[in-house]
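Asker: Could you work out the structure for the sequence below:
(one chain, ligands or ions: 2)
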Amino acid sequence: MEKQRLWDETWLQFADMMAERHSKCASKSVACVIVKDEKPISIGLNGTPSGHTNCNEIFLKRDDGFYKRAEYVRDETIDLMEPAVQLVHEGVTFVKCHDPYEHHNWSKQHEIHAEINAIGKLAADSTNAFGATAYVTHSPCHACSLALIASRVARVVYAVGYEHGDGLDLMRESGIEVVHMPLEKSYKNTL
Ligand SMILES: [Zn+2]
Ligand SMILES: [Zn+2]
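Answerer: Ligands and ions are numbered 1, 2, ... in the order given. Below you'll find the model as predicted:
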């Protein structure tokens with residue numbers, strides 16, 4: 001495997017591990033690692049701002065959809081004709097969400113995407129993403145693609161095509177090299 005590809009895969013695996021282990025979103029685990037001059041200069045995860053209640057403290061995802069922690073369910077959203085579907089997870093009661101978009105709508109208002117978190121952290125110190133590579137577990141959405149263009153990254157490497165990942169063409173048109181690299185879930189050297 002050529003050197004560039006080996007490093008791309010290494011940083012993307014790193015992003016994937018960060019996401020799987022540390023994202024606190026009940027729906028999707030996303031991470032963005034920005035690498036410049038062979039150094040990681042910023043790491044962002046999807047989630048609420050620090051100090052705010054995490055998504056996975058409110059929502060739980062199961063095969064049949066999302067559940068919401070009982071204390072956060074407002075009375076008017078409970079259908080009195082139908083008994084609420086409940087489950088107990090680690091001693092906490094969760095109620096099945098009737099609306100399949102309940103997490104999606106809540107997330108849009110409360111959770112910051114991984115790319116924005118990574119770029120935002122750079123804005124808080126003296127480093128910048130000019131010419132860097134952004135390694136993202138999921139292809140960036142439109143808003144994050146615009147932010148990556150504005151931050152002047154040179155390359156974006158992603159593992160999974162995200163259903164709202166419509167920013168890829170936009171980034172390519174702006175001169176960013178976009179690489180799709182599906183990951184094998186193993187860290188064996190494939191040289
Ligand atoms: Zn979430
Ligand atoms: Zn996004």
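Asker: what does this structure put close to ligand 1?
Answerer: Proximity of the chain to ligand 1, by Cβ under 5 Å from the ion, involves residues 25, 27, 55, 107. Just so you know, the C-beta spots here come from the backbone N, C-alpha and C atoms, and that holds for glycine as well.
Asker: What about the nearest residue to the first one once chain neighbours are set aside, how many residues nearby?
Answerer: With Cβ to Cβ, 6 or more residues apart in numbering as the measure, residue 55 is the residue that lies nearest to residue 25, at 4.5 Å, once sequence neighbours are left out. One way to gauge burial is a neighbour count; for residue 55, by other Cβ atoms under 10 Å, it gives 23.
Asker: any idea how far residue 175 is from residue 55?
Answerer: Using Cβ to Cβ, to the nearest Å, residue 55 is found at 34 Å from residue 175.
Asker: Residue 127 too?
Answerer: With Cβ to Cβ as the criterion, residue 127 and residue 175 are 21 Å apart.
Asker: Looking at those two, which has the bigger crowd around it?
Answerer: Set residue 127 next to residue 175 and count neighbours by other Cβ under 10 Å: residue 127 wins out with 15 against 9.
Asker: How is the more buried one assigned, secondary-structure-wise?
Answerer: coil (DSSP: H, G, I helix; E, B strand; the rest coil).
Asker: And the pLDDT at it?
Answerer: We have a pLDDT of 91 for residue 127.
Asker: any idea how far it is from residue 119?
Answerer: 11 Å.
Asker: shared neighbours of these two, anything?
Answerer: Shared contacts of residue 127 and residue 119, defined by Cβ atoms under 8 Å, 6 or more residues apart in numbering, comprise residue 42.
Asker: got the contact list for the residue nearest to the spatial centre of the chain?
Answerer: The centroid of the chain falls nearest to residue 30 when counting by Cα atoms, centre = their mean (2.5 Å). For residue 30, the contact set (Cβ under 8 Å, 6+ apart) comprises 19, 23, 45-46, 113-114, 136-138.
Asker: Going by distance to residue 98, which of these wins?
Answerer: Minimum separation from residue 98 among those (Cβ to Cβ) is found for residue 46, which lies at 24.5 Å.
Asker: how far is the longest helix along the chain from where the chain is centred?
Answerer: Looking across the chain with DSSP state H, the single longest helix is helix 3-22. Centroid separation between helix 3-22 and its chain, computed with Cα atoms, centre = their mean, to the nearest Å, is 14 Å.
Asker: residues making contact with that helix?
Answerer: Counting by Cβ under 8 Å, 6+ apart, 1, 29-33, 35, 38, 40, 43, 45-46, 114, 133, 135-137, 157-159, 179, 181, 183, 187, 190-191 sit against helix 3-22.
Asker: Mind doing that once more with 6 Å?
Answerer: 29-31, 33, 35, 45, 135, 137, 157, 159, 181, 183 (Cβ atoms under 6 Å, 6 or more residues apart in numbering).
Asker: Just the CA trace of that helix, in PDB.
Answerer: The C-alpha trace of helix 3-22 is given here as PDB (Å, rounded to 0.1, in the frame of the first residue of the first chain):
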ATOM      1  CA  LYS A   3       2.400   5.700   1.900                       C
ATOM      2  CA  GLN A   4      -0.400   8.300   1.500                       C
ATOM      3  CA  ARG A   5      -3.100   5.600   1.500                       C
ATOM      4  CA  LEU A   6      -1.700   3.900   4.500                       C
ATOM      5  CA  TRP A   7      -1.700   7.200   6.500                       C
ATOM      6  CA  ASP A   8      -5.200   8.000   5.200                       C
ATOM      7  CA  GLU A   9      -6.400   4.600   6.500                       C
ATOM      8  CA  THR A  10      -4.700   5.100   9.800                       C
ATOM      9  CA  TRP A  11      -6.200   8.500  10.600                       C
ATOM     10  CA  LEU A  12      -9.600   7.300   9.300                       C
ATOM     11  CA  GLN A  13      -9.400   4.200  11.600                       C
ATOM     12  CA  PHE A  14      -8.500   6.600  14.400                       C
ATOM     13  CA  ALA A  15     -11.600   8.800  13.700                       C
ATOM     14  CA  ASP A  16     -13.700   5.700  13.500                       C
ATOM     15  CA  MET A  17     -12.500   4.500  16.900                       C
ATOM     16  CA  MET A  18     -13.000   7.900  18.400                       C
ATOM     17  CA  ALA A  19     -16.600   7.900  17.100                       C
ATOM     18  CA  GLU A  20     -17.400   4.400  18.200                       C
ATOM     19  CA  ARG A  21     -16.000   4.800  21.700                       C
ATOM     20  CA  HIS A  22     -16.700   8.500  22.500                       C
END
